[in-house]
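Enquirer: Build the 3D model from these lines:
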Amino acid sequence: MAIIQEQKQYEKIGRLRKPIADSIGRKAADIYIDHNHLKHILNKHKNDLAHLGLTPKVFIDLVVTGFTRIYKGTGHSLLLVIWSGKAKVVAIELNLALKKAFYEIKTATVYRKDFLKEENLLWVKK
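Expert: Next up, the predicted model:
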(Lines give C-alpha, C1' and ligand atoms only; values in the text may rest on other atoms or scores of the structure.)
Protein backbone atom coordinates (compact mmCIF):
# COMPACT_ATOMS: atom_id res chain seq x y z
CA MET A 1 0.00 0.00 0.00
CA ALA A 2 1.45 3.35 -1.03
CA ILE A 3 0.98 6.46 1.05
CA ILE A 4 0.46 9.53 -1.09
CA GLN A 5 1.28 12.85 0.50
CA GLU A 6 -0.25 15.86 -1.16
CA GLN A 7 2.24 18.61 -2.00
CA LYS A 8 1.28 21.90 -0.39
CA GLN A 9 1.44 25.10 -2.39
CA TYR A 10 2.05 28.11 -0.19
CA GLU A 11 1.55 31.80 -0.87
CA LYS A 12 3.07 34.48 1.34
CA ILE A 13 0.40 36.77 2.76
CA GLY A 14 2.29 38.95 5.24
CA ARG A 15 4.41 38.87 8.38
CA LEU A 16 3.99 38.94 12.14
CA ARG A 17 6.51 41.68 12.83
CA LYS A 18 9.12 41.56 15.56
CA PRO A 19 7.78 44.31 17.88
CA ILE A 20 4.35 42.68 18.04
CA ALA A 21 5.75 39.15 18.23
CA ASP A 22 8.11 40.14 21.05
CA SER A 23 5.28 41.79 22.99
CA ILE A 24 3.25 38.54 22.97
CA GLY A 25 6.21 36.20 23.48
CA ARG A 26 6.05 34.69 20.02
CA LYS A 27 8.37 34.39 17.06
CA ALA A 28 8.37 37.01 14.31
CA ALA A 29 7.80 35.14 11.05
CA ASP A 30 6.18 35.33 7.65
CA ILE A 31 2.53 34.33 7.26
CA TYR A 32 1.61 31.89 4.47
CA ILE A 33 -1.52 30.13 3.30
CA ASP A 34 -1.75 26.77 1.60
CA HIS A 35 -4.03 26.81 -1.45
CA ASN A 36 -6.05 23.94 0.04
CA HIS A 37 -6.84 26.12 3.06
CA LEU A 38 -8.10 28.83 0.70
CA LYS A 39 -10.48 26.25 -0.78
CA HIS A 40 -11.55 25.19 2.72
CA ILE A 41 -12.29 28.80 3.68
CA LEU A 42 -14.34 29.33 0.53
CA ASN A 43 -16.33 26.12 1.05
CA LYS A 44 -16.82 26.31 4.81
CA HIS A 45 -17.32 30.08 5.23
CA LYS A 46 -18.90 30.97 1.88
CA ASN A 47 -21.99 32.61 3.43
CA ASP A 48 -20.01 34.81 5.83
CA LEU A 49 -17.72 35.95 3.02
CA ALA A 50 -20.62 36.57 0.64
CA HIS A 51 -22.32 38.69 3.30
CA LEU A 52 -19.17 40.81 3.49
CA GLY A 53 -18.77 40.84 -0.30
CA LEU A 54 -15.23 39.46 -0.08
CA THR A 55 -13.27 36.62 -1.65
CA PRO A 56 -11.23 34.42 0.74
CA LYS A 57 -7.97 35.99 -0.48
CA VAL A 58 -9.19 39.58 -0.02
CA PHE A 59 -10.65 38.66 3.39
CA ILE A 60 -7.30 37.21 4.52
CA ASP A 61 -5.29 40.15 3.14
CA LEU A 62 -7.63 42.54 4.95
CA VAL A 63 -7.15 40.80 8.31
CA VAL A 64 -3.38 40.26 7.98
CA THR A 65 -2.77 43.92 7.11
CA GLY A 66 -5.39 45.45 9.40
CA PHE A 67 -5.68 43.33 12.54
CA THR A 68 -6.21 45.32 15.73
CA ARG A 69 -6.06 42.51 18.31
CA ILE A 70 -4.35 39.18 18.81
CA TYR A 71 -5.91 36.43 20.91
CA LYS A 72 -4.55 33.09 22.03
CA GLY A 73 -6.40 30.43 20.06
CA THR A 74 -6.61 26.72 20.75
CA GLY A 75 -3.32 24.99 21.51
CA HIS A 76 -0.50 27.22 20.29
CA SER A 77 -2.53 29.00 17.63
CA LEU A 78 -3.08 32.75 17.39
CA LEU A 79 -6.17 34.61 16.24
CA LEU A 80 -5.55 37.85 14.34
CA VAL A 81 -8.72 39.91 14.74
CA ILE A 82 -10.17 43.10 13.34
CA TRP A 83 -12.21 44.43 16.26
CA SER A 84 -15.07 46.79 15.49
CA GLY A 85 -18.03 48.28 17.28
CA LYS A 86 -20.28 45.66 15.73
CA ALA A 87 -21.54 42.38 17.21
CA LYS A 88 -19.17 40.30 15.10
CA VAL A 89 -15.47 40.40 14.33
CA VAL A 90 -13.38 38.97 11.50
CA ALA A 91 -10.43 36.76 12.32
CA ILE A 92 -7.86 34.35 10.93
CA GLU A 93 -6.22 31.51 12.83
CA LEU A 94 -2.44 31.01 12.57
CA ASN A 95 -0.25 28.07 13.56
CA LEU A 96 3.54 27.80 13.38
CA ALA A 97 4.35 25.37 10.58
CA LEU A 98 7.31 23.49 9.08
CA LYS A 99 9.67 23.35 12.03
CA LYS A 100 8.41 26.76 13.19
CA ALA A 101 9.81 28.52 10.13
CA PHE A 102 6.58 30.44 9.39
CA TYR A 103 2.95 30.90 10.39
CA GLU A 104 0.34 29.04 8.38
CA ILE A 105 -3.22 30.31 8.09
CA LYS A 106 -5.59 27.51 9.07
CA THR A 107 -8.93 29.25 8.73
CA ALA A 108 -10.58 32.64 8.37
CA THR A 109 -14.08 33.43 9.51
CA VAL A 110 -16.48 35.78 11.26
CA TYR A 111 -16.94 35.27 15.01
CA ARG A 112 -19.40 36.64 17.54
CA LYS A 113 -17.51 38.90 19.94
CA ASP A 114 -18.48 36.70 22.90
CA PHE A 115 -16.48 33.85 21.30
CA LEU A 116 -13.29 35.75 22.12
CA LYS A 117 -12.47 35.68 25.82
CA GLU A 118 -10.69 38.69 27.35
CA GLU A 119 -8.35 36.42 29.31
CA ASN A 120 -6.99 35.20 25.95
CA LEU A 121 -6.27 38.73 24.71
CA LEU A 122 -2.54 39.02 24.00
CA TRP A 123 -2.20 42.33 22.15
CA VAL A 124 -4.22 45.44 21.23
CA LYS A 125 -3.19 47.98 18.62
CA LYS A 126 -2.54 51.37 20.18
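Enquirer: which residues of this structure score low on pLDDT?
Expert: Applying pLDDT under 70 to the chain picks out residues 1-7, 98.
Enquirer: Pick out the residue nearest the middle of it.
Expert: Centre of the chain computed as the mean C-alpha position; nearest residue by C-alpha atoms, centre = their mean is Ile92, 2.5 Å away.
Enquirer: That one and Gly25, how far apart?
Expert: 20 Å (C-beta to C-beta, to the nearest Å). No exception for glycine: its C-beta is placed from N, CA and C like everyone else's.
Enquirer: Equivalent analysis for Ala97, please.
Expert: Distance from Ala97 to Gly25, by C-beta to C-beta: 19 Å.
Enquirer: Tell me which of those two has more neighbours.
Expert: Taking other C-beta atoms under 10 Å, Ala97 and Gly25 do not tie; Ala97 has more neighbours (17 against 7).
Enquirer: what's the closest residue to the more buried one other than its chain neighbours sitting at in phi/psi?
Expert: Residue nearest to Ala97 in three dimensions, not counting chain neighbours: Glu104, with 3.7 Å by C-beta to C-beta, 6 or more residues apart in numbering. Main-chain torsions, Glu104, degrees, to the nearest 10: phi -110, psi 130.
Enquirer: Could I get the contacting residues of Glu104?
Expert: Going by C-beta atoms under 8 Å, 6 or more residues apart in numbering, Glu104 touches Tyr10, Ile31, Tyr32, Ile33, Asp34, His37, Leu94, Asn95, Leu96, Ala97, Leu98.
Enquirer: Please, which helix or strand holds the third one?
Expert: The reference is to Tyr32. Here Tyr32 sits within strand 29-34, counting by DSSP states H and E.
Enquirer: now the nearest residue to Lys125 once chain neighbours are set aside: how far from Pro19?
Expert: Distances taken as C-beta to C-beta, 6+ apart put Thr68 closest to Lys125, at 4.4 Å, once the chain neighbours are dropped. Computed as C-beta to C-beta, the Thr68 to Pro19 distance reads 15 Å.
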